[in-house]
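Chemist: I would like the atomic coordinates for the input below:
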Amino acid sequence: MPSIEERLQQLEDRIAIQDLAAEYCRAIDDRDLEAFLNTYTEDCVLRYKDGAMRIDGKPDLREYYTNRFMQYGLTFHYPHAHVITFDGPDNAHGWLTGHAEMGLDGAGWLAAFRYTDVYRREADGWRFVERELAAWYYMKLADLPDGMGQTLRKHYHGELMAAELPESMDTYKAMHNL
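Modeler: Next up is the predicted model:
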């Protein structure tokens with residue numbers, strides 16, 4: 001059984017990782033590129049589950065988000081459920097659900113997503129090593145009432161795409177005999 005000190009450290013680390021996720025959201029919404037980049041390790045990987053995007057390393061992350069931040073109008077990202085499993089004193093993995101409200105191309109957009117994460121403690125705190133983003137939906141707010149009932153719930157740049165969640169989950173496939 002872990003000692004009281006080890007258990008206390010894990011609680012402090014859990015809070016620090018939850019704060020990392022909150023800082024990620026704040027940095028996006030504030031367009032604070034340096035704070036955003038500071039949430040990642042140098043050897044980071046950020047990818048979409050559908051394979052549409054993969055970024056390896058901070059230099060490419062900087063380039064991608066410098067451009068991406070300029071495309072946004074108002075944004076409001078907020079984390080929801082967050083599960084963290086420790087693999088050792090300096091390594092963990094987990095998942096985080098969340099929503100984002102965004103102003104893009106003069107319209108309001110709404111997204112629901114799940115991040116699958118790998119975390120590492122570095123000298124100055126916990127960071128994301130890997131983030132994989134999967135979506136339940138990503139669409140204009142005006143499309144939401146009818147769009148929620150469709151399988152093509154991701155509307156990227158005028159293209160209708162299948163959402164990853166829940167359809168890609170083994171439990172969902174088994175329940176629906178897919």
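Chemist: buried set for the lowest-mean-pLDDT helix or strand in the chain?
Modeler: The least trusted helix or strand in the chain, going by mean pLDDT, DSSP states H and E, turns out to be strand 154-156, with a mean of 90. Buried residues in strand 154-156, counted by 16 or more other C-beta atoms under 10 Å: 154-155. No exception for glycine: its C-beta is placed from N, CA and C like everyone else's.
Chemist: contacting residues around it?
Modeler: Outside strand 154-156, the residues that touch it by C-beta atoms under 8 Å, 6 or more residues apart in numbering are 50, 52, 135, 137-140, 143, 147, 160-163.
Chemist: what about the residue nearest the centre of the chain, distance to Asp105?
Modeler: In the chain, the residue lying closest to the centroid (C-alpha atoms, centre = their mean) is Tyr115, at 4.0 Å. Using C-beta to C-beta, to the nearest Å, Tyr115 is found at 24 Å from Asp105.
Chemist: burial count for Gly57?
Modeler: 14 (other C-beta atoms under 10 Å).
Chemist: pretty sure it contacts Tyr40?
Modeler: No - look at Gly57 against Tyr40 with C-beta atoms under 8 Å: they stay out of range, at 9.1 Å.
Chemist: For the protein, which segments count as helices?
Modeler: 4-30, 33-37, 58-71, 144-147, 170-175 (DSSP state H).
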